[in-house]
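Asks: sharing a sequence plus its predicted fold:
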Amino acid sequence: METPMLAALVITILGLINTLYLSYHAINGTAVYCLFFPDEWCKKVQISQYSKTMGIKNPYLGLGMLLAILTLLLLANQNIIPLWPAMALISFGFLFSMYFLYIQAFVIKAFCTWCVVSAMVFAGLFITQFFLI
């Protein structure tokens, strides 16, 4: 396995761990631990109207997207499918996460540590995908 593919898989798995943490708290309705930001900021983001997309909580969407990316990357690595579906989903996820960073910064005016980590995961995947070509 080449280094860029390994990096993409590791980043994806780290993203899965992050979204599993967020999903756990979304299921239980508990507040996430807020590193680097005031606790009330994470809570503000967690309960905002932007915490759902089309009625689905964002952690669930992120978890599904990262599972799909992991599956597509593994299939592409085995030459079962082309790489472009994974790259398209990574690009979509990156744009979506940048949109949510914008919402946190300029609309909610609060950041959630784990949402920022998710954005960093998608930024890392977005950059890494150019080395996969």
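Replies: It's in.

Asks: and the pLDDT at the residue nearest the centre of the chain?
Replies: Central residue of the chain (C-alpha atoms, centre = their mean): Ser118, 3.9 Å from the mean position. The score at Ser118 is 97. That number is its pLDDT.

Asks: residue contacts, it?
Replies: Listed by C-beta atoms under 8 Å, 6 or more residues apart in numbering, the contact partners of Ser118 are 15, 18-19, 22, 62, 97, 100. All C-beta atoms are positioned from the backbone trio N, CA, C, and that covers glycine.

Asks: please, which helix or strand holds it?
Replies: helix 113-132 (DSSP states H and E).

Asks: quick check: buried residues in that helix?
Replies: Neighbour counts over helix 113-132 (16 or more other C-beta atoms under 10 Å) mark 113-126, 128-129, 132 as buried.

Asks: the longest helix in this protein is where?
Replies: helix 3-28 (DSSP state H).

Asks: ok, so of the contacts of Ser118, who is nearest Leu72?
Replies: Gly15 (13.7 Å; C-beta to C-beta).

Asks: surely the closest one meets Leu67?
Replies: No. The pair Gly15 and Leu67 does not pass the contact test of C-beta atoms under 8 Å, sitting 9.9 Å apart.

Asks: which one of the two has more residues nearby?
Replies: Taking neighbours as other C-beta atoms under 10 Å, Gly15 and Leu67 compare with Gly15 leading, 26 against 14.
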